[in-house]
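Q: Everything below, folded, please.
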Amino acid sequence: MSSLSSLHLGHGLSNTPIDTNLLRRDYFRTIPFKFTTTLPKNSVSSNSNLLISNCSLTSIAPLEAILFDIDGTLCDSDPLHFIAFRKMLQEVGFNGGSPITEDFFIKIISGKHNDEIARILFPDWNLERSSQFMVDKEAEFRRLASEQMEPVKGIYKLRKWIEDRGLKRAAVTNAPRSNAELLISSLGLSDFFEVIVTSFECERAKPFPDPYLKGLKAIKASHKHTLVFEDSVSGIKAGVAAGMSVVGISLRNPKDLLMKAGAKFLINNFEDQKLWRALEDLDREKAGTQV
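A: Predicted coordinates for the structure are as follows:
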């Protein structure tokens with residue numbers, strides 16, 4: 001996907017330094033408007049041999065189903081969510097009208113359910129006002145996504161691998177259904193997923209296991225033989241809490257936090273050699289079991 005700085009902003013956004021007296025200063029730092037993928041100093045070791053040796057999925061053989069998150073997993077959508085929040089928070093005078101930073105977005109917003117985000121951002125607003133803000137924000141996101149969304153590398157290769165083996169599959173997301181359906185349709189995956197589960201249809205959102213448990217029930221799959229792909233801390237925790245093995249997608253979120261959340265291992269995208277070696281091992285395990 002194009003770097004965030006190359007996207008069409010067009011909303012009069014500025015790089016004005018944030019007045020840290022207006023909100024919790026721990027969440028802000030004055031940085032240029034740029035979405036970075038630089039890894040934190042305490043991130044997972046880059047030693048490829050060590051990483052590959054710890055990337056086994058044979059414990060879930062025979063593989064029966066795969067569940068996917070959507071935002072940040074199927075498509076690199078966080079930069080567009082950031083732009084939408086940045087624009088709309090300025091319009092309502094959040095933090096004195098100073099634009100939020102990437103650091104704030106990652107720590108406070110990314111991966112969370114809209115109800116939780118609204119409570120954090122607008123503790124003094126009534127429910128009707130904060131809910132309408134989130135509805136308007138999602139509409140702005142969909143406008144951006146309809147013009148600029150791209151798939152995560154390797155997703156179509158993985159799709160073919162899954163279809164060739166007749167595996168069950170579902171999309172499980174904290175996003176509203178309108179967002180989920182738009183993204184899946186724009187990626188050409190509408191006929192791939194058997195079901196879409198959103199947390200808005202569950203009693204509790206991720207990081208609780210409810211959305212993933214509902215997904216498993218919908219496709220009639222066993223948690224012991226199902227694999228999850230997730231990019232956020234809350235999503236990984238939800239998959240693990242539902243009793244499944246989770247592979248983390250490290251597009252945006254700090255690798256050390258994803259591993260601490262319970263990911264079995266991390267991949268950069270669906271072309272990552274670590275993933276394909278693990279899938280090849282699963283095929284061999286299945287063949288051995290059948291013999």
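Q: alpha carbons only for contacts and neighbour counts from here, please
A: Noted.
Q: Let me see the ranges of the strands in the chain.
A: All strands of the chain, identified by DSSP state E, fall at 65-68, 168-173, 195-198, 226-230, 245-249, 265-267.
Q: The shortest one - contacts with which helices or strands?
A: In terms of contacts (3 or more Cα pairs under 8 Å, 6 or more residues apart in numbering; DSSP states H and E), strand 265-267 is packed against strand 245-249, helix 255-260.
Q: Comparing these, which stretch has the densest surroundings?
A: strand 245-249 (a mean of 26; mean count of other Cα atoms under 10 Å).
Q: Give me the residues contacting that strand.
A: Strand 245-249 has contacts (Cα atoms under 8 Å, 6 or more residues apart in numbering) with 57, 60, 72-73, 226-232, 236, 239-240, 258-259, 262-269.
Q: again, only using 7 Å
A: 73, 227-231, 236, 239-240, 258, 263-269 (Cα atoms under 7 Å, 6 or more residues apart in numbering).
Q: Likewise for stretch 202-215?
A: 113, 170, 172, 174, 197-199, 234-235, 237-239, 241-242.
Q: Same list (those residues) but as JSON lines, adding neighbour count, distance to residue 94 and pLDDT.
A: Formatted as JSON lines, the contacts of stretch 202-215 follow (neighbours: other Cα atoms under 10 Å; distance: Cα to Cα, whole Å; pLDDT from 0 to 100):
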{"residue": "113", "neighbour count": "20", "distance to residue 94": "19", "pLDDT": "92"}
{"residue": "170", "neighbour count": "22", "distance to residue 94": "37", "pLDDT": "98"}
{"residue": "172", "neighbour count": "29", "distance to residue 94": "31", "pLDDT": "98"}
{"residue": "174", "neighbour count": "27", "distance to residue 94": "24", "pLDDT": "95"}
{"residue": "197", "neighbour count": "24", "distance to residue 94": "32", "pLDDT": "98"}
{"residue": "198", "neighbour count": "24", "distance to residue 94": "28", "pLDDT": "97"}
{"residue": "199", "neighbour count": "23", "distance to residue 94": "27", "pLDDT": "95"}
{"residue": "234", "neighbour count": "21", "distance to residue 94": "25", "pLDDT": "95"}
{"residue": "235", "neighbour count": "32", "distance to residue 94": "27", "pLDDT": "97"}
{"residue": "237", "neighbour count": "22", "distance to residue 94": "30", "pLDDT": "98"}
{"residue": "238", "neighbour count": "26", "distance to residue 94": "30", "pLDDT": "98"}
{"residue": "239", "neighbour count": "32", "distance to residue 94": "33", "pLDDT": "98"}
{"residue": "241", "neighbour count": "18", "distance to residue 94": "35", "pLDDT": "98"}
{"residue": "242", "neighbour count": "19", "distance to residue 94": "36", "pLDDT": "98"}
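Q: Just flag the most distant two among the residues you listed.
A: Pairwise distances across the contacts of stretch 202-215 (Cα to Cα) peak at 19.1 Å, for the pair 113 and 170.
Q: how's this structure carved up into domains?
A: Domain assignment of the chain by the TED database yields the ranges 58-76+151-289, 78-148.
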